[in-house]
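Q: A structural model of the following input is requested.
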Amino acid sequence: MQTTVEAFYYKLGRKQRTNFRKNVQDLSGMNYNQFFYRLKNNSWSKLEFEMMNELVANTKYELVKEVTERTKSKIQPMEIDI
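A: Numbers count the residues shown, from 1 in each chain. Presented below is the predicted three-dimensional model:
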């Protein structure tokens, strides 16, 4: 199932968001403000997308730049322990 990084991030619980954010920051070298700027503006690089998709590989989600209306309605709540 495809979803944007922002939609995926806000589907996570509070602790899972922190873990996901810290993993992305550690692996990419970006700081806290850069993470939220990119999250808000959907301005991820191709390498960042690949890295984040590896982080969520054990879920049914694939992160993409944009979600079409066809796939948007299929986003379901999830449990993930990163």
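Q: make it CA atoms for all contacts and neighbour counts henceforth
A: Fine.
Q: centroid residue for this protein?
A: In the chain, the C-alpha closest to the average C-alpha coordinate belongs to residue 5, at a distance of 3.3 Å (C-alpha atoms, centre = their mean).
Q: Now do the same contact list for that residue.
A: 39, 42, 63-65 (C-alpha atoms under 8 Å, 6 or more residues apart in numbering).
Q: What are the boundaries of the strands in the chain?
A: For the chain, applying DSSP state E gives strands covering 2-4, 62-64.
Q: nearest to residue 20, of those strands?
A: strand 62-64 (13.2 Å; C-alpha to C-alpha).
Q: Parallel or antiparallel, list what pairs with that closest one.
A: Paired with strand 62-64 in the same sheet, following DSSP bridges, are strand 2-4 (parallel).
Q: Any buried residues in the longest helix along the chain, and which?
A: Using DSSP state H to define each element, the chain has its longest helix at helix 14-28. Buried residues in helix 14-28, counting neighbours by 16 or more other C-alpha atoms under 10 Å, are found at 16-17, 20-24.
Q: Now render these as TSV, adding pLDDT and distance to residue 31.
A: Formatted as TSV, the buried residues of helix 14-28 follow (pLDDT from 0 to 100; distance: C-alpha to C-alpha, whole Å):
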residue	pLDDT	distance to residue 31
16	91	18
17	92	15
20	90	13
21	93	10
22	92	9
23	90	11
24	91	10
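Q: What is the nearest of the residues you listed to residue 57?
A: Looking across the buried residues of helix 14-28 and measuring by C-alpha to C-alpha, the closest to residue 57 is residue 20, at 12.6 Å.
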